[in-house]
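>>> only geometry, no sequence info:
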């Protein structure tokens, strides 16, 4: 959609319905039909990922306003439906 419309600049490839990491984990578990994740202590993430761990631990509020204003039509807005389709 971006390339075909010859749009330029930065575009966030996200849904207009943001989810938390916890909501994503629950949706993944449901789509897979069971438990999917195990808790990982924050110190372990910091050790493995360094500064990038902050994004995982605190999240990033990314918005799709630019795509909405340009008229993009999402096939899936809710994470559960998207994951069920993918998996």
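Thanks, I have it. Bear in mind that the values here come from a model prediction, so they are computed numbers and not experimental data.

>>> Work out for me the element residue 48 sits within.
Secondary structure from DSSP states H and E places residue 48 in helix 42-49.

>>> mind listing what's buried in the helix or strand following that helix?
With elements assigned by DSSP H and E, the helix or strand that comes after helix 42-49 is helix 53-58. Of all the residues in helix 53-58, those buried under the rule 16 or more other Cβ atoms under 10 Å are residue 53. Using the backbone N, CA and C atoms, a C-beta is placed for each residue, glycine as well.

>>> what's helix 53-58 packed up against?
Under the contact definition 3 or more Cβ pairs under 8 Å, 6 or more residues apart in numbering; DSSP states H and E, helix 53-58 sits against helix 42-49.

>>> now what about the helix it packs on, what contacts it?
Helix 42-49 has contacts (Cβ atoms under 8 Å, 6 or more residues apart in numbering) with 53, 56, 57.

>>> The second one contacts residue 21, doesn't it?
Think residue 56. Yes. Counting by Cβ atoms under 8 Å, residue 56 touches residue 21, with 7.1 Å between them.
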